[in-house]
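Participant: Model the structure of this input:
(4 chains)
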Protein chains: 2
Amino acid sequence: MNATNAANGARGNPTHELDAPPWRRVESTLMATASAIHAAYDQRLAGLGLTLSTASLLAYLAEFGPVTQTRCAEHLGQGRAVTGTQVDKLQSLGYVERRPDPTDRRVWLVSITDTGLDLAARVADVDEGLRGEFREGISRTDRQTLAALLVRLQENINRSQHVSSSSTPQQPESNHQ
Amino acid sequence: MNATNAANGARGNPTHELDAPPWRRVESTLMATASAIHAAYDQRLAGLGLTLSTASLLAYLAEFGPVTQTRCAEHLGQGRAVTGTQVDKLQSLGYVERRPDPTDRRVWLVSITDTGLDLAARVADVDEGLRGEFREGISRTDRQTLAALLVRLQENINRSQHVSSSSTPQQPESNHQ
DNA sequence: TCAGAACTGTATGGTTACATACAATCATGA
DNA sequence: TCATGATTGTATGTAACCATACAGTTCTGA
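Facilitator: Purely as a prediction, here's the structure:
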């Protein structure tokens, strides 16, 4: 009983993944790696009072001018409600501000403040440093290979997501909520 | 269950990754891919009344006999409290049962039932089918390359995770290789 | 023997995110 | 014009997970 199973899979010999149960294969390794990346960012960004989500939002606002919350949500791949909460937090800390759109009274234009820009610069430093550590000993070619494989994999995943699961056997829903 | 559900992304489903600010690089692609895998499993397993987490627990119990909850939690890489809740759910559905350990009155020995075994077999089918779809057009060599790169990346991540206290990361010495 | 440390499972509160529902506001077509 | 449908941001309820704290139990060392 050493570290977590993630470490188990990571330190194991990648050539024989058959001793592992069905839940410790490439897909599982990938999800564990993603969790580790998430945790690493959260850990480093905690010093700035941010999480990966809020830092991503801040960085997006720093780069692309004032935008609506819906656009932020789309870019970050999350719902509008959560984005609104994140804007609430960044606004309460003085890093962003909401201004009404003169041409559309439904929306807020979220813009970054000066202190927000300073923080975004430090977030970029953290990002740069962390990515540098991640890439130690992994060549540019390797990274390109990894990215290409991930893209191909994700295409397959998206394709299988859009298949309407017609093969749902019996098993009544039994959704008691 | 409609198309907007999947398109909107139950766990976020970003689509563009190349023209990208610092937040759309390899690390982001990896996390997005992991989310997509998670969502795909959840979608397919919903027909069995399970999620990826509960299905993983069930599969683990099906393969390795009665075990304590702490061991389940360690294997699944999650906390003991959540594992207890998941066992509660599987138990209420009749798929697992808790029996006292004769030699240790602190622990429960969680064992799978006959109906649980049946369900685990169907979970294995879902897993097999989904992995097959994911690997379409990706050769075995590619998969090995991907796994190897992920392992190397995760080693770097774990190393950078352990350098939390010091503000000046001092180029940790590579242990081997 | 036995006091203190360690471990197991559970309770609790907090965080993050989703899905739905809703009011307010635009946009479209007859 | 104006009724109908879309869109935006928010409120609400739910779900999953974590971290901490705790009682009961086991283990360890003097």
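Participant: So, low pLDDT: which residues of chain A?
Facilitator: Filtered on pLDDT under 70, chain A yields the residue ranges A:1-24, A:163-177.
Participant: what about 80?
Facilitator: Low-confidence segments of chain A (pLDDT under 80): A:1-24, A:65, A:161-177.
Participant: biggest strand in it by residues?
Facilitator: Ranked by residue count and defined by DSSP state E, the top strand of chain A is strand A:104-112.
Participant: What's the local residue count around A:R106?
Facilitator: Residues lying near A:R106 (other CB atoms under 10 Å in any protein chain shown) number 8. All C-beta atoms are positioned from the backbone trio N, CA, C, and that covers glycine.
Participant: So which residues on chain A come close to DNA strand D?
Facilitator: Contact residues, chain A versus DNA strand D (CB under 7 Å from any atom of the strand): A:68-70, A:73, A:80-81, A:84, A:87, A:98, A:106-108, A:177.
Participant: and with 10 Å instead?
Facilitator: Within chain A, the residues that sit near DNA strand D (CB under 10 Å from any atom of the strand) are A:4, A:35, A:39, A:42, A:67-74, A:79-88, A:91, A:98, A:100-101, A:104-110, A:175-177.
Participant: Any quick ChimeraX command for the buried ones out of those?
Facilitator: Selection of buried members from those for ChimeraX, criterion 16 or more other CB atoms under 10 Å in any protein chain shown:
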select /A:4,35,67,68,69,71,72,73,74,83,84,86,87,91,108,109,110
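Participant: Out of the residues of chain A next to DNA strand D, list just those in helices.
Facilitator: Counted as lying in helices by DSSP state H, out of those, are A:35, A:39, A:42, A:69-74, A:80-88, A:91.
Participant: hmm, back to that, please name every helix or strand in contact with the longest strand of chain A.
Facilitator: On a contact count with 3 or more CB pairs under 8 Å, 6 or more residues apart in numbering or on different chains; DSSP states H and E, strand A:104-112 meets helix A:52-63, helix A:69-76, strand A:96-101.
Participant: In TSV: the ones you listed, plus distance to chain B.
Facilitator: Formatted as TSV, the helices and strands packed on strand A:104-112 follow (distance: least, CB to the nearest CB, whole Å):
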stretch	distance to chain B
helix A:52-63	5
helix A:69-76	8
strand A:96-101	16
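Participant: The ones you listed: which one's closest to B:E136?
Facilitator: Evaluated over those, closeness to B:E136 peaks at helix A:69-76, with 28.2 Å, by CB to CB.
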